[in-house]
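Asks: Could you look at this predicted model? Sequence included:
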Amino acid sequence: MAVTSKGVINEVAIKSPLELVWLAWTISDRVSQWFAPEAVVEVEVGGAYELYFIPGNREGMNTMGCKIVSLVPQKELAFTWKGPDQFQAIMNKEDELTTVFVRFESMDEETTKVTVEHIGFQDESDWKEATEWHQRAWSGVLSSLKAALEKGEGNLCCQPAND
């Protein structure tokens, strides 16, 4: 795990074949098992990579309008990103979105390394909290992915707190 002035990097080794890890990121129904309860993934450059953290809510806590910007099957997936509502003012402007790169590396037949590099954060002080929040969030996302693939027990990210 690392925090840089322009982004965050997280990685995890998962006891699951590369093909299955790739599909977990690229099939909407699978993404919704470990990342966000509702997902729209169109696996092509320019296709949607939209996550809805509150099912049915199109107003907030989602990445509506985000697109896949790079795609190398079973090697790399990159998509634009919108932060959660509390960072909307600084990071959800259509022409200034951050970018998430997910890289896949087969370590052996049964283990895959996944690296998430989220870039485009600004150096300004109002971005500090957003950067730190995303570092924690991506760590949790990768833990959920690992649990989902290894034990069938993914935990959805960024759920609203139950009061």
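Replies: Structure received. The model shown is predicted, which means the values in this text are computed figures rather than measured ones.

Asks: what about the longest strand in the protein?
Replies: Longest strand in the chain, counting residues (DSSP state E): strand 98-108.

Asks: tell me which residues in stretch 47-60 are buried?
Replies: Residues of stretch 47-60 classed as buried: Gly47, Ala48, Tyr49, Glu50, Leu51, Tyr52, Phe53, Ile54 (neighbour count, 16 or more other C-beta atoms under 10 Å). In this view, the C-beta of every residue, glycine as well, is placed from N, C-alpha and C.

Asks: Could you identify the pair within those residues that is furthest apart?
Replies: Spatially, the most separated pair among the buried residues of stretch 47-60 is Gly47 and Ile54, at 22.6 Å (C-beta to C-beta).

Asks: Could you give me the buried positions within the longest strand of the chain?
Replies: Within strand 98-108, judged by 16+ other C-beta under 10 Å, the buried ones are Thr98, Thr99, Val100, Phe101, Val102, Phe104, Glu105.

Asks: Over to stretch 18-31?
Replies: For stretch 18-31, by 16+ other C-beta under 10 Å, it's Leu18, Val21, Trp22, Leu23, Ala24, Trp25, Thr26, Ser28, Arg30, Val31.

Asks: Please apply the same query to stretch 131-138.
Replies: Under the neighbour-count rule (16+ other C-beta under 10 Å), stretch 131-138 has Thr131, Trp133, His134, Gln135, Ala137, Trp138 buried.

Asks: can I get these in a markdown table with distance to Ser144?
Replies: As requested, these are exported to a markdown table (distance: C-beta to C-beta, whole Å):
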| residue | distance to Ser144 |
| --- | --- |
| Thr131 | 21 |
| Trp133 | 16 |
| His134 | 15 |
| Gln135 | 15 |
| Ala137 | 10 |
| Trp138 | 11 |
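
Asks: just to revisit the earlier point, which ones among the buried residues of stretch 47-60 lie within strands?
Replies: Among those, the members falling in strands (DSSP E) are Tyr49, Glu50, Leu51, Tyr52.

Asks: which one of those residues sits closest to Val114?
Replies: Nearest to Val114 among these is Tyr49, at 15.8 Å by C-beta to C-beta.

Asks: So what's the gap between the longest helix anywhere in the chain and the chain middle?
Replies: Longest helix of the chain, by residue count under DSSP state H: helix 128-151. Centre-to-centre, helix 128-151 and its host chain are 8 Å apart (C-alpha atoms, centre = their mean, to the nearest Å).
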